[in-house]
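>>> When you get a sec, could you give me coordinates for this:
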Amino acid sequence: MAAPTTKPQTAKHSILNPEKPKFGFGLEQVWPIDDGSSKAPSKHSVDIIAIPGLGATSEYTWKCRDPDNPDKKIDWLRDSNMLPGILPKARICIFKYDSQWFGVGAVDQRLDSVADKLLHTLEKFRGADNKTPIVFVAHCLGGIVLEQLLLTAQGQQHRFPSIFPRVAGCVFLGTPFRGTASQAKAMALARMAELAGMGLQSSLLKILERESPTLLELCDKFIALADDAKIRLFCFWELRQSDVASIFVKDPWFKKLDMFKQMELMVEPGSAKPSGARGTYLDSDHFQLNKYPGPKDDNFKSVSGELKDIAKQAPNILNSRRKLARKARVDDRVHGALINYFEEGFFDVRRTMKGSYEGSQSPESSWVVTGSVFQQWKEAEGPQLLWIHGEAGTGQRAIALSIRDDLSKPGEQRPIFASFFCDENDEFRRSFRGMLKILIRQIIDADPDMAEPLVPHVKIKTSNESAKENYDLDALDKIHVLWDALQAMGRTAPGGYIHLMVYGIEQLAPEPLRNLLQYMQDTLTHGGDAVETSPIKWILLSRSGHPEIKKSLGGHGHEIYLNDKANTKSVEDDLRAHISRRVKELGLTPSLGYFVKGYISSHAGGNRIYVDLAIQEIRNSQAERSLQQAEMRLLLGSFPYGLTNMFEHIRKRILSPTTEGIEYTREILRCLILQKRAPTMRELAIMADLPHQDRNNLRALKNYIIRCGAFVVLRGKDGDLNDDHMKVEWIDRLAQEHLEKCAKDELAMDSVEMQHGLIALRCLEYVYFHTEKYGAASSADQTSLDVDDMDSTGEAGDEQEKENEDLSDPSNEVSNFSQLPFATEDNDATPSIHFDVGSPDEEDAQMFDERDPLTYPMKCWLEHAKSARGAPINVIEEIDLSHEFWQVQSSLRQIWWDRIEWMGHFDHQDGVTALHVAAIAEVPELVEYLLQEGGKQGGCPDIHVEDSWGLQPLHVACYIGNYEIVQALLGAGADVNYVSTNDDDDGLWRDCPLHLAAGEGHVHILECLLDRGAEINMESERDGSVL
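Have a look, this model is predicted:
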């Protein structure tokens, strides 16, 4: 090793002093210097914590006399040309504690008490949510203190959450891990000083005995801890012997004693470098290991270089440790169960996460992501909210997709990005709970280790091998649990932050919207500086006209108001680019395209919804043949100026009493207004009761959609209908709002509940048909029919779905249906006396398999039945309970139930009765109807039947918490204390109804059960007594 550039110096001070040294206590920040003039950055990338040795003071420990100026001292931790120059973004602190054992004011300190003091001081100094990496540098006994500190911090992370998880490395300067022979001399001196009243035999001094059992045990534990946690260790030791006597005393009498005459190595290499640690020597004695005369000193270069290297690698070190720690708690089975759980109920997870349009993003909205406001939000430490809002037609959807593409670009250490697209027509996409579930699902999918905060809420349910059967995740259904877990994930995010975007928050239902705004307000205004350190950065997009949103979000972060005059040019430029791109898709001649662009531009009034309506009207007109220039002029001439007038024009055209197929058009529009989620064409055919001969004829179905005008579009991958996944959607939700407001009489929407009832019965008819016709085959071969084998849409598998991702903009709406070839009808289509599916085209028949169930009617008939409550005629009473579907132990009902397992709270639930279905779906009217009809025959037999989980209908009603259904079942004679006695299955829930209600916290159900005679002292095999 190279020799130092200056001669090693010997310390000149003595700790035997008539005045007590000034030790002080606590952490002293020495860099950056908070004097108002420091150029050091306000944001620090690492905390360097220096711990001195035994009996040392901050006045001398880290300082060295300047060889060029004896009156000046060089402090390598504080001086800007020393360590701060090497690590300018570091925050450097010195721990000060009183360990004086010799001289006036000697104290007796214990190792654990010193370590605890430093832990409490450091935790308070950093703050519980601090994610900044920590690197320790310790001299001599300070390293022993550091060992104890980290062992305590690891075992008490709940008390010191910002310390152990953030320790990246430790640098030791002459730490005697195995003790030191010099301790014997120090103890002798301490005994003599104690007799003279000038010192004492300190506990800290005693433990430094060579080969001390205490030190050896401490070292073994520490090295094992550092190895498990991947803490980087580096040890330096002295090459030169030290003059021990000159350090301790000045009195020549002491120096005459033989034991103080000789020079020696205070800490030998075998003691200074434990097994498994890296290290090297410094050309120095023990007391100069922590003192350097300048930035060119080789010893300083070695020590500062190691500190710099650890600081540079700190993010990777901490990330690797998190992954290892979390993997031990989040195994693949738990992770898979969580992913499945958070997807339950969503018809189309991909569109919920990415919006209706997917794929490559057009450049037109890039002005937002390249603008100063977005960049400030993205880079700043400050407010974590970016609120983008404006009137309808200002391109918010395109902006959202542009932001999504920018924040989800792959890259090392990039923050995780997750998004949620609200939809007021979808029960789960207008829910705050649904929003949190999908955001969390994306986070743990991007990094499975991030699921750690969810693990405490996962309960083992059975001992079966199936992951889905093994976990009870219902505790995660609580909003506050989800929100707290989300915040916890943010605090440990590998990229430092999590970026979350929610599009269309005004489409949330009223109560969920209030919840979101309240949680956001609490987060944004809590604790003053909490905003500055929040680990989650939000982007919320909304349309204008919602004062409650403006009141809650305005002034709490960054804001982009799209209709602000400052943004006028950007919005207008985007609109022109949008018009050019949409017109180009029409494939017109240059002259005709030029004319169309000009006409639409002059009539759109700056609104891109108008542009999309006009383009869609043209494309619909081109479905049969290309329009000539005169015909195009005639068509365009019918388009009025402005969005409202355009809506009115289209409405009057398609709903004219003389329009072909007007009744079917009305029925389709009624069904789309009341949809539970966007249906496919064949699903819509069931909902709207279109002619049987057309229900599997895609050419005919597309014609029905065209007759609805530009209000309705098909969205999917451009020119590809082969997988029958195209969704029938509103071109914009304003189209639906217009029809609901202005066409209520034309659509006969005076009884919404009655319409829901009609849709429910039509869908149920399909359920009967499909389970009767294809049920026998499907029960034997589930490979193509099980919902578990489909993706979250209930349709295609993941690979097929990925092939249909490119839906990123309105150009991917398939409207020029004539481009797709179709052959003649297939006369071999099998008719059915229950449900005639018609005769599909030969080409159509290759696009879908009739044996695959249509997801919408299978899943949504009960939802529409629930929405029919209040209709003049009770739709439930129209159900024929004599049908095989409703019989006890019906195979048809079980086939149907297996395919909609998402509705159930009990996975792979067999043996469900009609009452089980009604209770789980929470349809009190159906429960009453089943009980009433059963009573006519001497009692409803379903009430005492248990399913494959050992649960009767009362059990599931108590578990879900529906008071009305519980009352009805108890009134009909359900056993309030029933526990399964089936000995054939170890996986049964052997709980009484009281246990299930208590486990879910349904207090009102508990009161009801106790009033009906429930035995409070009954015990469960899983949970013991209810109390």
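
>>> can you tell me how far the spatially closest residue to Lys859 that is not a sequence neighbour sits from Pro853?
Excluding its sequence neighbours, the residue lying closest to Lys859 (C-beta to C-beta, 6 or more residues apart in numbering) is Ile900, at 5.0 Å. Placement of C-beta: from N, CA and C, glycine included. Per C-beta to C-beta, to the nearest Å, Ile900 is found 9 Å from Pro853.

>>> if you count what's nearby, which of those two comes out ahead?
Each of Ile900 and Pro853 has its neighbours counted (other C-beta atoms under 10 Å); Pro853 has more, 26 against 20.

>>> my read: the more buried one touches Lys773, true?
No. Between Pro853 and Lys773 there is no contact under C-beta atoms under 8 Å: 10.6 Å.

>>> Please spell out which residues along stretch 544-560 are buried.
When burial is assessed from 16 or more other C-beta atoms under 10 Å, stretch 544-560 yields the following buried residues: Ser544, Ile549, Lys550, Ser552, Leu553, His556, Gly557, His558, Glu559, Ile560.

>>> Sort those by pLDDT and name the bottom one.
The member of these with the lowest pLDDT is His556, at 82.

>>> residue ranges of the helices in the stretch 51-200 of the chain, please?
Shown for the stretch 51-200 of the chain, the helices assigned by DSSP state H, counting those that start in this stretch span residues 83-86, 111-126, 141-155, 182-195.

>>> which stretches of the stretch 701-850 of the chain aren't confidently modelled?
Scanning the stretch 701-850 of the chain for pLDDT under 70 picks out 717-723, 775-848.

>>> what about Ser275, how many neighbours?
Neighbours of Ser275 using other C-beta under 10 Å come to 9.

>>> Quick check: the gap between the residue nearest the centre of the chain and Ala418.
The residue lying closest to the centre of the chain (C-alpha atoms, centre = their mean) is Ile440, at 2.7 Å. Between Ile440 and Ala418 the distance is 8 Å, computed by C-beta to C-beta.

>>> again with Asp285
Noted for Asp285: a distance of 57 Å to Ala418, by C-beta to C-beta.

>>> and if you look at Asp910?
Asp910 is 35 Å from Ala418, by C-beta to C-beta.

>>> Comparing those two, which residue is more hemmed in?
A direct count of neighbours by other C-beta under 10 Å for Asp910 and Ala418 places Ala418 higher, at 23 against 11.

>>> Give me the local confidence score for the more buried one.
On the pLDDT scale, Ala418 is placed at 95.

>>> cool, Gly36 as well?
Confidence score, pLDDT, at Gly36: 52.

>>> ditto for the one 5 residues further on
The pLDDT attached to Pro41 in the predicted structure is 50.

>>> what does Phe346 give?
The model reports Phe346 with a pLDDT of 84.

>>> Could you pull up the residues touching it?
By C-beta atoms under 8 Å, 6 or more residues apart in numbering, the contact set of Phe346 is Thr352, Phe428, Arg429, Gly434, Ile438, Ser792.

>>> so what's the backbone phi/psi at the nearest residue to the third one once chain neighbours are set aside?
For Arg429, the nearest residue in space outside its immediate sequence neighbours is Asp423; the separation is 3.9 Å by C-beta to C-beta, 6+ apart. Main-chain dihedrals, Asp423, degrees, to the nearest 10: phi -150, psi 110.

>>> again, but for the one 5 residues further on
The phi and psi values for Phe428, taken as degrees, to the nearest 10, are phi -80, psi -30.

>>> And the one 10 residues further on, by the same measure?
Dihedral angles of Ile438 (phi, psi; degrees, to the nearest 10) stand at phi -70, psi -40.

>>> Glu746 is in contact with Arg740, correct?
To be clear, residue 740 is Glu; Arg isn't right here. No. Contact between Glu740 and Glu746 fails when scored by C-beta under 8 Å: they sit 11.3 Å apart.

>>> When those two are compared, which one has more neighbours?
Neighbour tally, Glu740 and Glu746, criterion other C-beta under 10 Å: the higher count belongs to Glu746, 17 against 14.

>>> Mind giving me the packing neighbours of the helix or strand containing Leu307?
In this assignment (DSSP states H and E), Leu307 forms part of helix 298-329. If you count contacts as 3 or more C-beta pairs under 8 Å, 6 or more residues apart in numbering; DSSP states H and E, helix 298-329 packs onto strand 46-51, helix 83-86, strand 134-139, strand 167-173, strand 232-238, strand 278-282.

>>> mean confidence score for the third one?
Translated: strand 134-139. The pLDDT scores in strand 134-139 average 97.

>>> Could you tell me the angle between that strand and helix 111-126?
With axes from the mean of the first three to the mean of the last three C-alpha atoms, to 10 degrees applied, the angle from strand 134-139 to helix 111-126 works out at 140 degrees.

>>> Strand 134-139: partners in the sheet, and parallel or antiparallel?
Its sheet considered, strand 134-139 pairs with strand 46-51 (parallel), strand 167-173 (parallel) by DSSP bridges.

>>> Let me have these in CSV, extended by mean neighbour count, mean pLDDT and distance to Ile943.
Formatted as CSV, those follow (neighbours: other C-beta atoms under 10 Å; pLDDT from 0 to 100; distance: least, C-beta to C-beta, whole Å):
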stretch, mean neighbour count, mean pLDDT, distance to Ile943
strand 46-51, 26, 96, 65
strand 167-173, 26, 97, 60
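
>>> can you tell which of those strands is closest to Thr680?
Among those, the nearest to Thr680 by C-beta to C-beta is strand 167-173 (53.1 Å).

>>> how many neighbours does Val135 have?
Residues near Val135, counting by other C-beta under 10 Å, number 28.

>>> wait, it sits on Ile51?
No. Counting by C-beta under 8 Å, Val135 stays clear of Ile51, with 11.7 Å between them.

>>> before we move on, back to that, any chance of the strands paired with strand 134-139 in TSV, with distance to Val481 too?
Formatted as TSV, these follow (distance: least, C-beta to C-beta, whole Å):
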stretch	distance to Val481
strand 46-51	32
strand 167-173	30
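
>>> Minimum distance to Pro88: which of those has it?
If we rank the strands paired with strand 134-139 by C-beta to C-beta, the stretch that ends up nearest is strand 46-51, at 10.9 Å.

>>> CA atoms only for the closest one, dumped as PDB, please.
Listed next in PDB are the C-alpha coordinates belonging to strand 46-51 (Å, rounded to 0.1, in the frame of the first residue of the first chain):
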ATOM      1  CA  VAL A  46     -27.400   9.200   2.100                       C
ATOM      2  CA  ASP A  47     -26.900   9.700   5.800                       C
ATOM      3  CA  ILE A  48     -23.300   9.300   7.000                       C
ATOM      4  CA  ILE A  49     -23.300   8.700  10.800                       C
ATOM      5  CA  ALA A  50     -19.900   8.800  12.600                       C
ATOM      6  CA  ILE A  51     -19.500   7.100  16.000                       C
END
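
>>> relative to helix 298-329, how tilted is that strand?
Angle of strand 46-51 versus helix 298-329, following the same axes, to 10 degrees, is 110 degrees.

>>> next one: strand 46-51 to chain centre, how far?
How far strand 46-51 lies from its chain's middle: 32 Å, per C-alpha atoms, centre = their mean, to the nearest Å.
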